[in-house]
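[1] Quick check, what structure comes out for this input:
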Amino acid sequence: MGNPEVKRWDNGQVIIPAGKYSSLREAVEKEYNNLSRANLSWADLSWANLSGADLSGANLSWADLSRADLSGANLSRADLSRANLSRANLSRANLSGANLSGADLSGACLLYTADAAA
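    Reported below is the predicted structural model:
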């Protein structure tokens, strides 16, 4: 049986049933093309591979995205307030209109990111 934190995960488009994935990180990685406007606040997504993911308008406040691969991800209008993005790869990510207030960006790769608003 899957991790209890994946019992019901609703991103407005897809409901991932319990037992389909072993962790929230795996569910998000597998369903990354359906994450626009997802509520992932407080989620532990450390080390997740979200390269090229559509996270536009997503709520990632207080999320742990440390060491996550977000290269080429669409994070436009995403709420990343107080998120842990330390050592995350944000190269070529679209951060236009994103809320990064209080986010930890220590050691993060920000090469060629678009319009980061802190």
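
[2] Now residue 29: which helix or strand?
    helix 24-30 (DSSP states H and E).

[3] So what's the gap between that helix and the chain middle?
    With Cα atoms, centre = their mean, to the nearest Å as the basis, the distance from the averaged C-alpha position of helix 24-30 to the chain average is 10 Å.

[4] Rounded mean pLDDT for that helix, please.
    Summarised as a single mean, pLDDT over helix 24-30 is 78.

[5] same question, stretch 64-72
    Per-residue confidence for stretch 64-72 averages out to 97 on the pLDDT scale.

[6] In this structure residue 114 contacts residue 90, no?
    No - using Cβ atoms under 8 Å as the test, residue 114 is too far from residue 90 to be in contact (10.2 Å). (Each C-beta comes from the backbone N, C-alpha and C, glycine too.)

[7] Buried residues in the helix holding residue 29, which are they?
    Across helix 24-30, burial judged by 16 or more other Cβ atoms under 10 Å covers 24, 25, 26, 27, 28, 29.

[8] just to revisit the earlier point, the more surrounded of residue 114 and residue 90?
    The residue with the greater number of neighbours, taking residue 114 and residue 90 and applying other Cβ atoms under 10 Å, is residue 90; the counts read 25 against 13.

[9] State the distance from the more buried one to residue 104.
    Separation of residue 90 from residue 104 (Cβ to Cβ, to the nearest Å) stands at 12 Å.

[10] list the residues that contact both of these two?
    Taking Cβ atoms under 8 Å, 6 or more residues apart in numbering as the contact rule, residue 90 and residue 104 touch no residue in common.

[11] circling back: farthest-separated two in the buried residues of helix 24-30?
    Looking at the buried residues of helix 24-30 by Cβ to Cβ, the two members farthest from one another are 24 and 29, with 9.6 Å of separation.

[12] Settle this for me: residue 100 is touching residue 80, isn't it.
    Yes - proximity of residue 100 to residue 80 meets the contact threshold set by Cβ under 8 Å, at 5.2 Å.

[13] Which of those two has more residues huddled nearby?
    residue 80 (28 against 19).

[14] Test my guess that the more buried one contacts residue 102.
    No - with the criterion set as Cβ under 8 Å, residue 80 and residue 102 do not qualify as a contacting pair; they are 9.1 Å apart.
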